[in-house]
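Peer 1: predicted structure and sequence below. I'll ask about it afterward.
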Amino acid sequence: MRYFKFISFAVGILLLLSCAGPYIRSREMPREEMQRRQEIVECAKGLVGTKNLASLNKCFKNDCSGFVIGVYRLMGYRVDIRSHRKNRSLSEMLFLSLQDKGMAYREYQPNIGDAVFFKNTTDVVYDRITHMGLVEEIFPDGTITIIHYSSGMVTRIRMNLKDPYREKNSRGKVINNYLKRDDAGAGKRNILAGALFHSYGDIYNYCRRNKR
């Protein structure tokens with residue numbers, strides 16, 4: 001009897017821990033979700049090179065968060081952002097909203113259409129989220145292409161968290177683009193995309209239930 005009680009107790013603890021654990025990314029997903037994510041990415045790709053997003057549609061604002069949120073809104077998704085403390089950027093408030101729902105993560109490979117958050121891309125604040133983009137593609141070597149709005153235009157950058165302080169690999173291929181000017185003397189290795197990475201966010205599953 002004690003043995004069965006112990007087994008029941010152990011199973012209960014495992015279930016509790018599994019529920020309380022981090023939001024685990026799955027490499028597999030339903031075909032419909034993959035199709036929807038691809039549609040979102042295609043929308044973002046179609047905007048590469050655009051300077052004035054706000055003139056295209058009222059969904060957009062001409063900044064990094066305005067681009068990502070605008071893509072989702074244009075595709076018919078409602079992006080609810082919870083109110084947090086003042087002096088937070090919109091990208092940071094979106095991260096906190098995702099984090100509250102267990103949909104912000106760092107440890108796992110992203111899916112296309114996920115948000116990417118960066119820290120310290122400006123010299124105004126330190127150790128805070130200051131920039132974001134949208135995952136476009138993931139390559140076998142770990143390099144990720146990200147579409148974002150920066151320097152007045154929608155463009156692409158690359159990031160590789162397996163080698164975050166290196167701009168190019170041994171074959172000369174760019175794996176981390178520069179994401180910040182070295183005005184503060186931080187050193188080139190510290191201003192690459194991989195070095196400034198903060199987290200990912202599953203914005204698709206965060207707002208899919210609120211799809212219009």
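Peer 2: Nice, thanks for sending it over. Numbers count the residues shown, from 1 in each chain.
Peer 1: only C-alpha atoms for contact and neighbour calcs from this point on.
Peer 2: Fine.
Peer 1: the closest residue to residue 150 other than its chain neighbours: what's it in contact with?
Peer 2: Counting by C-alpha to C-alpha, 6 or more residues apart in numbering, residue 150 lies nearest to residue 64, which is 6.5 Å off, once chain neighbours are set aside. Each residue near residue 64 by C-alpha atoms under 8 Å, 6 or more residues apart in numbering is listed here: 91, 131-133, 148-150.
Peer 1: quick one: residue 64 from residue 30, how far?
Peer 2: According to C-alpha to C-alpha, to the nearest Å, residue 64 and residue 30 sit 29 Å apart.
Peer 1: contacts only, for residue 161.
Peer 2: Here residue 161 is in contact with 142-143, 194-195 (criterion: C-alpha under 8 Å, 6+ apart).
Peer 1: thinking again about what came up before, by neighbours, which of the contacts of residue 64 wins?
Peer 2: Most neighbours among these, by other C-alpha atoms under 10 Å: residue 132, with 32 neighbours.
Peer 1: in a helix, that residue, correct?
Peer 2: No - counting by DSSP: H, G, I helix; E, B strand; the rest coil, residue 132 falls outside a helix, being strand.
Peer 1: my guess is it meets residue 121, correct?
Peer 2: No - judged on C-alpha atoms under 8 Å, residue 132 makes no contact with residue 121 at a distance of 9.9 Å.
Peer 1: give the next helix or strand downstream of the helix or strand of the chain with the lowest mean pLDDT.
Peer 2: Comparing helices and strands within the chain by mean pLDDT, DSSP states H and E singles out helix 2-20 as the least confident, with a mean of 37. Sequence order places helix 31-45 as the next helix or strand after helix 2-20, per DSSP states H and E.
Peer 1: tell me what that following helix is packed against?
Peer 2: helix 64-74, strand 129-138 (3 or more C-alpha pairs under 8 Å, 6 or more residues apart in numbering; DSSP states H and E).
Peer 1: who touches residue 51 in this structure?
Peer 2: 62, 152-154.
Peer 1: which SSE is it in?
Peer 2: Using DSSP H and E, residue 51 sits within no helix or strand.
Peer 1: what do you get for the one 10 residues further on?
Peer 2: When elements are assigned from DSSP H and E, residue 61 belongs to no helix and no strand.
Peer 1: on that earlier part again, buried members of the contacts of residue 51 into PyMOL, please.
Peer 2: Burial among the contacts of residue 51 is assessed by 16 or more other C-alpha atoms under 10 Å; the matching PyMOL selection reads:
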select buried, resi 62+153+154
